[in-house]
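>>> Sequence first, then the predicted structure, then my questions.
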Amino acid sequence: MPRLHCPAPLVTGQSLALPAGAARHVQVLRLQPGDAVTLFNGEGGEWQARIERMGRAEVQVLVEDHQPVEREAGREIHLAVGVPANERMDWLVEKATELGAASIQPLATSRSVLRLSGERARKKREHWQAIAVAACEQCGRNRVPEVRELVDYPAWLAASGDGRLRLTLSLASDARTLADVGGGEPVLALSGPEGGLTPEEQQAAFARGFLPVTLGPRVLRAETAPLALLAALALIA
């Protein structure tokens, strides 16, 4: 059954017009009045709904039963990543959403190739958020991870003062394995761009309480490493 993100209050018995993105999805799938769809608004659970009417651009649905189903990861993992170049960030956002990331923080680091500001940065964030929504529709998640505003690494690091377990990927010989970290508590996971974080950026992270962890001796790509970390942490949730 098609799953559609509908970021609005949903109530059983309610008749409403789908937002533009969801309506286009229905049109592309060539659904018809009477066809069933699943709606989710990001606040938990999902609703069964049925198409009532279709216009040239508008789609009206009747909201039916609510199902309190959750498909979140067993551990809350917030990802902070040095933005990789080209389309690799799109792929990273999509796969991180599928793997259960609670949020994604894009970072502009010393070695970042992609440089954005102003309107371009705003549009790119909207693009990445739309990718996260589409990934949730596909994979069954009912809570959409927030893709946050692109910020400079030093400003983000100075503001990262919460109590979550902080990990940063490292190839240093003294880096811990994930088995040494344990499971259960929320995690803030930091990963660099192509070329990794500079030694100075790593030292700054250590000074803010980040622990170096390793995924093994191989050098993973900037878009691969944080996804491997997400998958590994899920196994020790």
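Done, it's in.

>>> after the lowest-mean-pLDDT helix or strand in the chain, next one along is what?
Across the helices and strands of the chain, mean confidence by mean pLDDT, DSSP states H and E is lowest for helix 178-181: a mean of 82. Going down the chain from helix 178-181, the next helix or strand is strand 187-191, by DSSP states H and E.

>>> Give me the residues contacting that following strand.
Residues outside strand 187-191 that contact it (C-beta atoms under 8 Å, 6 or more residues apart in numbering) are 75-82, 160, 162, 164-169, 197, 205, 210, 222, 225-226, 229-230, 233. All C-beta spots, glycine's among them, are computed from the backbone N, C-alpha and C.

>>> Where do the strands of this protein begin and end?
Remark: strands assigned in the chain by DSSP state E are 3-5, 15-17, 36-40, 46-54, 59-67, 77-82, 103-108, 146-147, 151-152, 165-169, 176-177, 187-191, 211-214.

>>> Compute the inter-axis angle for the third one and strand 46-54.
Right, the one you point to is strand 36-40. Here strand 36-40 runs at an angle of 130 degrees relative to strand 46-54 (axes from the mean of the first three to the mean of the last three C-alpha atoms, to 10 degrees).

>>> CA atoms only: put strand 36-40 into PDB for me.
Only the C-alpha atoms of strand 36-40 are listed here, as PDB (Å, rounded to 0.1, in the frame of the first residue of the first chain):
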ATOM      1  CA  ALA A  36      -6.300   2.800   0.000                       C
ATOM      2  CA  VAL A  37      -3.200   4.600   1.100                       C
ATOM      3  CA  THR A  38      -1.200   4.900   4.400                       C
ATOM      4  CA  LEU A  39      -0.600   8.300   5.900                       C
ATOM      5  CA  PHE A  40       2.000   9.400   8.500                       C
END
